[in-house]
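K.L.:
Next come a sequence and a model predicted from it.
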Amino acid sequence: MQRLAVLTSGGDASGMNATIRAVVRSAVFRGVEVFGVHQGFEGLINGEIEQMTAGSVADIIHRGGTILQTSRSEGFRTIEGREKAGGLLRAMGIENLVVIGGNGSLRGGHEFGQLGINVIGIPATIDNDVPYTASIGFDTAVNTVLDAINRLRDTASSHGRIFVIEVMGRECGEIALAAGVAGGAESVLIPEIKPDLTQVIEKINQGIKRGKLHSIIIVAEGVYSAMELRDKIQEETGHETRVSILGHIQRGGTPTAVDRILASRMGKHAVDSICQGERNVMVAGEGDRIFSIPLQKVVNGKRMPELEMYEIAKMLSI
Ligand code: F6P
């Protein structure tokens, strides 16, 4: 009988639980023995591994976070750490590992795969920065940001204020762009495209002249300090400006239907690919298609936001 272990790693994302459920239930359905690793790669090094059953994942499809918990493991970055983890899995007769996480976790998984364990990656990160695929958790995070924009827009209009809203994505502007387009923001500042502050301020001033009641500026963390941006905008426009930093609120909450369905399809595909003898691949999803691509290709790739989305954000916010 085949055996697999499953873990969640890196920053959590809504839909990780739905993914664990799909992996565990598909494994049980296919007659594969399944084990859960607690605390991500750190727990793998420490042998925090226990057998799971269909019942272990009851009542979690709707829950944010991850029942297996997660970590950003320093130990796993070392060859000693990875070898120890590999030895523990081998001793338990587990030859497959499903890694649910973002870029860093998939890179860790890829390196682990070089030691002989078969690693299957499933992309889950609110940042949506894994190449060649949509990531579990992104849709939920964007909807959370959108809800915040709607609320902030109400108060912004009432007071005739400008709002700077900071969203997550240290190196990736996907959340900012999607929420900016869906929320009708005046400007969206993302790390991939050098922002032109003069243009941002000009646009706000034009809007004020035309009688706009508010302006919403979305900034991805790391592009600018939201506070400095507020001060600059306030100074240059003479209009009251407020800041809202959404932070980790974006990481929690019940997953949307889109994320639950993606999680269910990807989790099932991961187990199918193990049963079919695929090795060291990531499950990818694009539109209606779920497919496998080599982990090697994923770690060598880079995802860029769609420039068309940036254009749309600019054009529709005149
Ligand atoms: O999960 C990715 C991410 O949400 C980034 O967008 C953010 O910069 C980072 O995690 C925050 O990480 P932590 O929770 O470790 O502070």
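P.N.:
Done, it's in. Here the structure is a predicted model, which is why all the values come from computation and not from measurement. Numbers count the residues shown, from 1 in each chain.
K.L.:
Flag every buried residue along the longest helix anywhere in the chain.
P.N.:
Among the segments of the chain that qualify as a helix by DSSP state H, the longest is helix 138-159. For helix 138-159, burial by neighbour count (16 or more other CB atoms under 10 Å) applies to 138-145, 148-149, 152-153, 156. All C-beta atoms are positioned from the backbone trio N, CA, C, and that covers glycine.
K.L.:
Can you tell me which of these is nearest the ligand?
P.N.:
Closest approach between the buried residues of helix 138-159 and the ligand, by CB to the nearest ligand atom: residue 141, at 8.2 Å.
K.L.:
Which residue, neighbours along the chain excluded, lies closest to that closest one?
P.N.:
Using CB to CB, 6 or more residues apart in numbering and skipping residues adjacent in sequence, the residue nearest residue 141 is residue 126, 3.8 Å away.
K.L.:
Tell me which helix or strand that neighbour sits in.
P.N.:
Residue 126 is part of no helix or strand when elements are defined by DSSP states H and E.
K.L.:
what mean pLDDT does the next helix or strand after the longest helix of the chain have?
P.N.:
As assigned by DSSP H and E, the chain's next helix or strand after helix 138-159 is strand 162-167. For strand 162-167, mean pLDDT rounds to 98.
K.L.:
Who does strand 162-167 pair with, and is each partner parallel or antiparallel?
P.N.:
strand 215-220 (parallel), strand 241-245 (parallel) (DSSP bridges).
K.L.:
tell me the most buried of these?
P.N.:
strand 215-220 (a mean of 26; mean count of other CB atoms under 10 Å).
K.L.:
That one vs the ligand: in contact?
P.N.:
No - counting by CB under 6 Å from any ligand atom, the ligand is not contacted by strand 215-220; separation bottoms out at 8.5 Å.
K.L.:
what angle separates that strand from helix 138-159?
P.N.:
150 degrees (axes from the mean of the first three to the mean of the last three CA atoms, to 10 degrees).
K.L.:
and strand 215-220, average pLDDT?
P.N.:
Per-residue scores along strand 215-220 average to 97.
K.L.:
Could you count how many residues lie near the residue in the stretch 151-300 of the chain that the ligand sits nearest to?
P.N.:
Nearest to the ligand in the stretch 151-300 of the chain, going by CB to the nearest ligand atom, is residue 168, at a distance of 3.5 Å. Residue 168 has 24 neighbouring residues, counting by other CB atoms under 10 Å.
K.L.:
and the gap between it and residue 51?
P.N.:
35 Å (CB to CB, to the nearest Å).
K.L.:
Just the CA trace of stretch 233-242, in CSV.
P.N.:
Provided in CSV are the C-alpha atoms of stretch 233-242 (Å, rounded to 0.1, in the frame of the first residue of the first chain):
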residue,chain,number,x,y,z
ILE,A,233,-0.9,63.3,-0.8
GLN,A,234,-2.3,65.5,1.9
GLU,A,235,0.4,68.0,1.4
GLU,A,236,0.1,68.2,-2.4
THR,A,237,-3.7,68.1,-2.6
GLY,A,238,-4.6,70.0,0.5
HIS,A,239,-7.3,67.3,1.2
GLU,A,240,-7.7,65.2,4.3
THR,A,241,-6.1,61.8,3.8
ARG,A,242,-6.4,58.7,5.9
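K.L.:
what does it contact?
P.N.:
For stretch 233-242, contacts defined as CB atoms under 8 Å, 6 or more residues apart in numbering pick out 156, 159-164, 200-201, 204-205, 208, 217, 230-231.
K.L.:
Would you show me how to pick out the buried ones of the residues you listed in PyMOL?
P.N.:
This is the PyMOL syntax for the buried subset of these, where burial follows 16+ other CB under 10 Å:
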select buried, resi 156+161+162+163+164+200+201+204+208+217+230
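K.L.:
At which residues are the helices of this structure located?
P.N.:
Using DSSP H, helices in the chain cover 16-30, 40-45, 79-91, 103-113, 138-159, 174-183, 197-209, 226-237, 257-275, 295-300, 307-315.
K.L.:
contact partners of the second one?
P.N.:
Around helix 40-45, the neighbours that count as contacts under CB under 8 Å, 6+ apart are 5, 7-10, 37, 49, 68-73, 75-76, 81, 84-85, 88-89, 97, 101, 105, 108.
K.L.:
do it and the ligand meet at all?
P.N.:
No - using CB under 6 Å from any ligand atom, helix 40-45 never reaches the ligand; the gap is at least 12.1 Å.
K.L.:
What residues of that helix count as buried?
P.N.:
40, 41, 42, 43, 44, 45.
K.L.:
Would you tell me which residues of the stretch 101-250 of the chain are close to the ligand?
P.N.:
Residues of the stretch 101-250 of the chain lying near the ligand (CB under 6 Å from any ligand atom): 102, 125, 126, 127, 168, 169, 170, 221.
K.L.:
List the contacts of the residue nearest to residue 141.
P.N.:
Per CB under 8 Å, 6+ apart, neighbours of residue 126: 11, 13, 14, 135, 137, 138, 140, 141, 168, 175, 250, 251.
K.L.:
quick one: which of these is nearest residue 226?
P.N.:
The closest of the contacts of residue 126 to residue 226 turns out to be residue 168 (CB to CB; 12.2 Å).
K.L.:
Fine, thanks again, bye for now.
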